[in-house]
Every structure is written in structure tokens, then in C-alpha cells.
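Engineer: what's the 3D shape of this:
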Amino acid sequence: MLPDEPPQPPASVAAPAALVEAAPAAERPERMNRSAVLWVALAIFAQESVWNFYDAQVPAQLRQFVSSATVIGLIMGLDTGLGVIIQPWTGLISDRLARSRTGRWPIVVAGACVAAVPFALIPWATGLPMLMLCIFAFGLTANSFKGVTETLVSDYVAPQQRGRAQGFIKAGVSLTIIVSALISLLVVDHSLKAAFAIPPVLMVVMVTLSYCFLGRRHPTALRREDTGTRTGTGTGTGTGTGTGQADPFSSPWAVLKDLVREPSRARLLLMAGIFCFAGMWAALRSLTTPYGTEVLGMTRGAAGGIALPGAIAFLVCVVPLAYLSHRLGELRMIRYGIALFVAGLLVGFAEPTPAFTAASVALASIGYAVFSVNGLVALWGLAPNNRVLGAYTGLYTVASASGMALGPALLGATVDLTGWRYMFLNAAVLGAVTFAVFTLVARRAGRPLAAAS
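Structural biologist: Numbers count the residues shown, from 1 in each chain. Predicted coordinates for the structure are as follows:
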């Protein structure tokens, strides 16, 4: 059983946002439930392995029936659109299940088992209609539990330890790229059907193992703050279980209404910041290879390798950054990460050579790692109470997925106006806008604590 949480401060200073920004280290629990983090990380690793292989191999599968790259891109974006619609709903449903004996696990286990079937059938499709049916069925079912799996962290890890837990989870998730690449390298050319069968089988096995070790412990792992009173950021007081009061967040529309009407607008601004940063990262990943060929004179293969130092830097730094965030606060660290992201881009703009560009991408990757660890935790900290964390995970997905969908187009438009040589400078300017958004979030979120001090 997890240790008791420290006593809550008076309502005048007990703003979740303030605790996220700068909670004193002395008030935070000393230990993190490492075994729970390991099993949650295993479940998330399992589902992300499937998604990475999907992104790597489904476009090539579509090329057998579709010649237009634009159409293939639109089809590959179908899962993002489904996620925007589905995940807030399933997140809210999982919030209702979270206090039951089984917790959110029925959605996760059932979703993994069902999603495995259309995924494994993708290489068996002999025509475009059958392939599209498999793609749609996988996107629908996989998105139904994707955000719910990520929310499991909130059920087994104390709020003040969730940032560090996310560090270990993100480090594990970054390894899924390697797993996907190995399956592609070693199996695809020998048996495409076997290659598509391996990731879903791993997903079902790993999710089932995680449930076996964590599901039975769920009733004793529920966070204790759920039984107390929690004060939102300017939204009044939310009571936990056992009060007998009607749930004010009975639908995603109620959650959205509360998000929009919250007086300080800190949550809404944080959603905008997530949109901006996720969009800039997706844009950088999408356009670095053509930048290498157009500006640096590199071959396509060499330009694609520019991202490798960044991937290594992300993997090495993500866990230490999570521990540093535990000391300094999530919102503060996100601002530091954006500043490093912008600085890295300016390095690449100042010296357009392959070596400096690789160093630039590595610095930007470290900056993004800070956001990757802390973004969802910060949004959880701003939630009106602990009964809507699944819904807020869905909102995080909506913001980040929307940014990733639009970011490359926005940066590409600036490249069309100024030329490829100025791509890194354009991205740095957009990153500075993101920094301003997060600075405003931090000020509004930290206002109650500042007033108290």
C-alpha cells in the first residue's frame, strides 16, 4: 500500500496548480511505488510498440492500392481523428470505473484483445476496402483504451511522484521505436503476416501480465486524496467519494464547460501550450530530412540520420529530467525545456552544417523530453478533482494530436514564405510564442500560492 499523503494546506492555498509549480520538497513523499510504475510502463510499452509498427508499415501496405501520397497521409491521419473523438469519452468512462474493484482495467484488457484482431489482419487484406476496414477497426478500438492505459499512472502513483514515474515510462516508450525497427528489419522481408502478428501478441500478453500483477491490488491502491476535499484553481471545491453528491462531470461536455468557464483560464492556456509544443516537435521531426537535402546537401538517407543523436539524447536524459522536475516543479521545468528547445534551433540556424544541425536537433530533443515528462502531469494537477483524470488525459491527447496534425503544415507554410534556409529560425520564433503561453500559464496557476506567501 502506498504511504499516506501529506496533510492538505488550507483551502486558500491548496491550489493544485500551485502544488504542481513549486511544491516544497519536504512535503513530498520520499518513495515511489516502483513495481507499479514498472507494470504500468510495460502496458504502455506494449500498446506503443503496436502504434510504432503501425506508423512504420501501414503506409507501405497502402502503397499497394493507393498511389497518391496525399491520400495515404489522409488515411494515416484517420487514427488521430478517431482519437480526438473517442478518447475523452472513454477517459470519462474509465474515471467512473476507477473507484470500482476492477478499476480501469476492463477497458484496457478488453481493448487490447479486440484491437489485436484487425491489426493482425492488415496483411491479409486483398483489396483496399478490406484494408480500410481493418485500419478503421484498429483505430477505433486502439484509441478506446490508449489514453486509459496512460491514466493508470494516476491510480498507483501519488500526485507528487507522477512526474518521476512519467520519466521511466517515457524512457521505456522511446525503446518501442527500436523494437519496431527490429521487427521490420528481421521479420518483414521474410513473412509480412508474421511481422504484423508479433506486436499485437506482445501487446495482449504484456497487458494481461500487467493486469495480473496490478489489477488485484487496485482496491488498496486508490489515491487517498479522493476521499478528501480538493480545491480547484478558481473553480471552487470538489468533493471526493462518499459525499453522496451528484457528479458534476457526468459527460465530456460538462468537463469542457468547466474547462472554458474556469476563471483563471490556466487549464485552457495549458491546453493551448500543449497544442503549440506538440505541433512544433512534430514539425521539426517531419521537415528535418528535407531540410538536410535542401540546405545541407545531404543524401536522403544521411539526412534521415540527423534525428539519431536526438533519439539517444532523449533516452539518456528523460529519467534525470523527471527527477529534476520533481524538485523544481512541472510548469517551471516545461518553460526551461522550451527555452532549451528554442536555443537548440538557433544553434542550427546560426551554423547550417550537418554536425551543428545534429547538435541542434539533440538539444531540441532534450527540451521536448522535459515537456514529454511533465505535460500530462501538469494538466492532471490542474484538474478540478481526481475523478476526471481519465477525461483530462483524453483532453491532453486532443490538444497534442491536433498540434501534431497542424504543426508541420504551419511550419511548412513559413518555409514556403522564407525558404528552407530559415526553417530553424521560423521554428524558434514559433517556439518563443509557446514559451510565452507557458509563462502565462505558470503565472496564473501560481497566483494563489504567491498570494499566500
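Engineer: Can you give me the neighbour number for residue 365?
Structural biologist: Residue 365 is flanked by 26 other residues according to other Cβ atoms under 10 Å. For glycine as for every other residue, the C-beta is placed from the backbone atoms N, C-alpha and C.
Engineer: List the contacts of stretch 71-83.
Structural biologist: 54-55, 58-59, 62-63, 66, 132, 135-136, 138-140, 142-143, 146-147, 397-398, 401, 404-405 (Cβ atoms under 8 Å, 6 or more residues apart in numbering).
Engineer: I should have written stretch 362-371 there, sorry.
Structural biologist: Looking at stretch 362-371 with Cβ under 8 Å, 6+ apart, the contacting residues turn out to be 170, 277, 281, 284, 309-314, 317-318, 321, 325, 333-334, 336-345, 347.
Engineer: Show me where the stretch 151-300 of the chain dips below the pLDDT cut-off.
Structural biologist: Low-confidence segments of the stretch 151-300 of the chain (pLDDT under 70): 159-163, 166, 174, 177-178, 181, 185, 215-256, 258-260, 300.
Engineer: Give me the buried subset of the contacts of stretch 71-83.
Structural biologist: Those of the contacts of stretch 71-83 that meet the buried threshold are 54, 58, 62, 66, 132, 135, 138-140, 142-143, 146-147, 397-398, 401, 404-405, by 16 or more other Cβ atoms under 10 Å.
Engineer: what about residue 139, distance to residue 402?
Structural biologist: 16 Å (Cβ to Cβ, to the nearest Å).
Engineer: and what of residue 264?
Structural biologist: Residue 264 is 23 Å from residue 402, by Cβ to Cβ.
Engineer: do residue 67 as well
Structural biologist: Where residue 402 is concerned, residue 67 sits at a distance of 28 Å (Cβ to Cβ).
Engineer: and if you look at residue 144?
Structural biologist: Taking Cβ to Cβ, one finds residue 144 at 19 Å from residue 402.
Engineer: Strands of the chain, start to end?
Structural biologist: 229-231, 237-239 (DSSP state E).
Engineer: which residues make contact with stretch 290-302 from outside it?
Structural biologist: Residues from elsewhere that reach stretch 290-302, judged by Cβ under 8 Å, 6+ apart: 289, 303-304, 306, 352-354, 357, 420-421, 423-424.
Engineer: isn't residue 87 right up against residue 392?
Structural biologist: No - using Cβ atoms under 8 Å, residue 87 is not in contact with residue 392, being 10.7 Å away.
Engineer: follow-up on the earlier one: need the buried ones from the contacts of stretch 362-371 selected in ChimeraX.
Structural biologist: A single ChimeraX command is used to select the members of the contacts of stretch 362-371 judged buried by 16+ other Cβ under 10 Å:
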select :170,277,281,284,309,310,313,314,317,318,321,325,333,334,336,337,338,339,340,341,342,344,345,347
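Engineer: Distance of the spatially closest residue to residue 113 that is not a sequence neighbour relative to residue 64?
Structural biologist: Excluding the flanking residues, the one nearest residue 113 by Cβ to Cβ, 6 or more residues apart in numbering is residue 204, at 5.8 Å. Distance, residue 204 to residue 64, using Cβ to Cβ: 27 Å.
Engineer: What of residue 331?
Structural biologist: Residue 331 is 47 Å from residue 64, by Cβ to Cβ.
Engineer: The two: which is more packed in?
Structural biologist: residue 331 (29 against 12).
Engineer: any idea how far residue 400 is from that one?
Structural biologist: 17 Å.
Engineer: Neighbours of residue 193, how many?
Structural biologist: As a burial measure, residue 193 scores 12 neighbours (other Cβ under 10 Å).
Engineer: Might you report the residue contacts of it?
Structural biologist: By Cβ under 8 Å, 6+ apart, the neighbours of residue 193 are 123-124.
Engineer: The one 5 residues further on too?
Structural biologist: By Cβ under 8 Å, 6+ apart, the contact list for residue 198 reads 183, 187.
Engineer: Which parts of the chain belong to which domain?
Structural biologist: Domains of the chain are assigned by automatic domain parsing as 23-228, 256-452.
Engineer: Kindly compare burial across those and name the winner.
Structural biologist: Sort the domains of the chain by mean neighbour count, taking mean count of other Cβ atoms under 10 Å, and domain 256-452 sits at the top with a mean of 21.
Engineer: roughly how far is that one from the heart of the chain?
Structural biologist: 12 Å (Cα atoms, centre = their mean, to the nearest Å).
Engineer: for stretch 116-132, same thing?
Structural biologist: Per Cα atoms, centre = their mean, the centroid offset for stretch 116-132 relative to its chain is 27 Å.
Engineer: can you list the contacts of stretch 290-302 in CSV and add distance to residue 152?
Structural biologist: Converted to CSV, those look like this (distance: Cβ to Cβ, whole Å):
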residue, distance to residue 152
289, 35
303, 38
304, 34
306, 35
352, 44
353, 44
354, 41
357, 38
420, 43
421, 45
423, 38
424, 38
